[in-house]
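**Student:** structure for this input, please:
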Amino acid sequence: MKIRYFILVLSDKAYKGLRKDECIEAVKSVINNASFELIGTEILPDELELIKSKLEELADSGKVDLIITSGGTGVSPRDVTPDATLKVIEKRIQGMEYAMVMEALKHTPRGSISRAVVGIRNETLIVNLPGSPKAVKENLNAIINAIPHAIEKLKGSEKDCH
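**Tutor:** Reported below is the predicted structural model:
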């Protein structure tokens, strides 16, 4: 099964062209597996309703199995990615969230202020990652091996878990 994924970067500065985004390449460097197919990428500003609408559009399209967001997972006033994600998901996967925080804490005590959310809408897995390329790699590596199984199960597989 090919896992079709979309990378959505949330950053006011990258959206305005004031900073070059490096998170898309960071995600792609972790997901360098033939069983994953990149469907598209987009950079949006940190606007809750805009992020919410894009997540709904992608998850409801039936064309994307995995949405990876990067940015907006902290505690600053403009960090609204988790808030938008919570508005659209039907189920939360806190084990993946915990795994990412545990990995982040190995590298920085600031990992404890992550508000990143992982959840499901329809048959699409949505994963919030931080906005730094280094943290993107660390967090995504913490859960990458569980993603194919999670998607297989949310699409209705009745195979036993091992």
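
**Student:** only C-alpha atoms for contact and neighbour calcs from this point on.
**Tutor:** Will do.

**Student:** now do the helix or strand where H149 lies: which elements does it pack against?
**Tutor:** Assigned by DSSP states H and E, H149 falls within helix 147-154. On a contact count with 3 or more Cα pairs under 8 Å, 6 or more residues apart in numbering; DSSP states H and E, helix 147-154 meets strand 124-129.

**Student:** tell me what the strand it packs on is packed against?
**Tutor:** Secondary-structure packing of strand 124-129 (3+ Cα pairs under 8 Å, 6+ apart): strand 66-70, helix 81-88, strand 118-121, helix 133-143, helix 147-154.

**Student:** so which of those is the most surrounded?
**Tutor:** Per residue and on average, the most neighbours among the helices and strands packed on strand 124-129 fall to strand 66-70, with a mean of 26 (mean count of other Cα atoms under 10 Å).

**Student:** who touches that strand?
**Tutor:** 3-10, 23, 55, 58-59, 81, 124-132, 136, 151 (Cα atoms under 8 Å, 6 or more residues apart in numbering).

**Student:** please pick the buried ones from these.
**Tutor:** 3-10, 23, 55, 58-59, 81, 124-131, 136, 151 (16 or more other Cα atoms under 10 Å).

**Student:** just list whatever residues bridge to R92.
**Tutor:** For R92, the beta-bridge partners are G119 (DSSP bridges).

**Student:** from what I see, it and V118 are in contact.
**Tutor:** Yes: with contact defined as Cα atoms under 8 Å, R92 reaches V118; the gap is 5.9 Å.

**Student:** the helix holding H149 versus helix 133-143: what angle between them?
**Tutor:** 60 degrees (axes from the mean of the first three to the mean of the last three Cα atoms, to 10 degrees).

**Student:** now what about helix 147-154, what contacts it?
**Tutor:** 3, 65-66, 123-125.

**Student:** how about stretch 89-105?
**Tutor:** Residues from elsewhere that reach stretch 89-105 (Cα under 8 Å, 6+ apart): 110-112, 114, 116-122, 135, 138-140, 142-143.

**Student:** starting at the chain centroid, how far to stretch 72-89?
**Tutor:** Computed by Cα atoms, centre = their mean, to the nearest Å, the separation of stretch 72-89 from the middle of its chain amounts to 12 Å.
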